[in-house]
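> What shape does this take:
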Amino acid sequence: MGASPKLRLTRRTLTHLQIAAIGPATKKAIVKHGLKVKMVPEEYVAESVAKGLRDKVEGKRVLLIRAKVARAVIPEELRAAGAEVDVVEAYETVVPEKSRARLRALMKNATRRPHIVTFTSSSTRRTLPNYWQLQAGSVNVGLLKHVQFASIGPVTSATLRELHMPVAIEAANSTTGGLLRAIVLARYAETSM
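Numbers count the residues shown, from 1 in each chain. All right, here's what the predicted structure looks like:
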């Protein structure tokens with residue numbers, strides 16, 4: 001890992017840190033840069049990260065690097081456990097205008113309309129405000145009748161249900177690989193009936 005062009009941080013600057021990652025993909029990205037990950041929770045959700053760190057953070061300073069739109073579970077739990085928590089927003093989930101237009105066109109085209117729409121986080125659903133509630137009459141209710149919603153895990157599923165989107169498929173393991181396995185198993189179960 002060379003120096004960061006903006007912060008001028010080197011691997012040596014960061015080696016004293018104890019690093020937690022929410023899941024295996026995040027861990028792999030961190031390790032790729034020569035850093036060690038001390039903790040990955042059993043379940044790849046905020047509650048598990050908080051649970052894994054709760055007994056280790058009293059009197060410590062914690063830096064939480066996350067998406068701009070994220071639940072407050074980790075900072076709230078760690079502060080309650082006696083940590084001083086700073087939150088840094090590292091990225092934001094957005095939908096480019098071109099993609100919105102492509103999505104509308106795709107949903108209107110019966111031959112290209114998807115059978116399954118995947119959601120890999122609650123924020124992916126929130127980036128399309130009201131789209132599935134037929135925003136500006138762009139989609140007819142009948143167009144969604146045969147579309148199944150697939151979720152990466154229980155937190156994302158809860159968000160979808162809050163927004164009145166029925167979850168047909170949910171990953172048992174909250175990773176993209178787990179989501180893919182759940183979709184394959186669901187499709188196999190459908191075709192073998």
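> Which helix runs longest in this structure?
Longest helix in the chain, counting residues (DSSP state H): helix 176-191.
> pLDDT of that helix, averaged?
For helix 176-191, mean pLDDT is 89.
> So which bits of that helix are buried?
For helix 176-191, a neighbour-count test (16 or more other Cβ atoms under 10 Å) marks 178-179, 182-183, 186 as buried. Glycine gets a C-beta too; all of them are placed from N, C-alpha and C.
> where do the strands sit along the protein?
Using DSSP state E, the strands of the chain run over 19-20, 37-39, 61-67, 84-91, 116-119, 148-151, 167-170.
> Can you give me the distance of residue 69 to residue 180?
To residue 180, residue 69 is 24 Å away according to Cβ to Cβ, to the nearest Å.
> Then residue 168?
Taking Cβ to Cβ, one finds residue 168 at 15 Å from residue 180.
> Closest to the centroid, which residue in this protein?
residue 121 (3.2 Å; Cα atoms, centre = their mean).
> residues near the closest residue to that one other than its chain neighbours, how many?
Using Cβ to Cβ, 6 or more residues apart in numbering and skipping the chain neighbours, the partner closest in space to residue 121 is residue 156 (5.8 Å). The number of residues packed near residue 156 is 26, by other Cβ atoms under 10 Å.
> and if you look at residue 30?
17.
> Hmm, it is touching residue 17, no?
No. At 10.2 Å, residue 30 and residue 17 do not qualify as touching, with contact defined as Cβ atoms under 8 Å.
> Relative to residue 38, how far out is the closest residue to residue 158 other than its chain neighbours?
Closest residue in space to residue 158, ignoring its immediate chain neighbours: residue 122 at 7.9 Å, by Cβ to Cβ, 6+ apart. For residue 122, the distance to residue 38 (Cβ to Cβ) stands at 26 Å.
> more neighbours, those two?
Counted by other Cβ under 10 Å, residue 122 and residue 38 do not tie: residue 122 has more neighbours, with 23 against 12.
> Now for the more buried one: which residues touch it?
71, 155-156, 158-159 (Cβ atoms under 8 Å, 6 or more residues apart in numbering).
> The buried residues of helix 176-191 into a markdown table, with extra columns for distance to residue 11?
Output for those, formatted as a markdown table (distance: Cβ to Cβ, whole Å):
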| residue | distance to residue 11 |
| --- | --- |
| 178 | 31 |
| 179 | 32 |
| 182 | 37 |
| 183 | 38 |
| 186 | 42 |
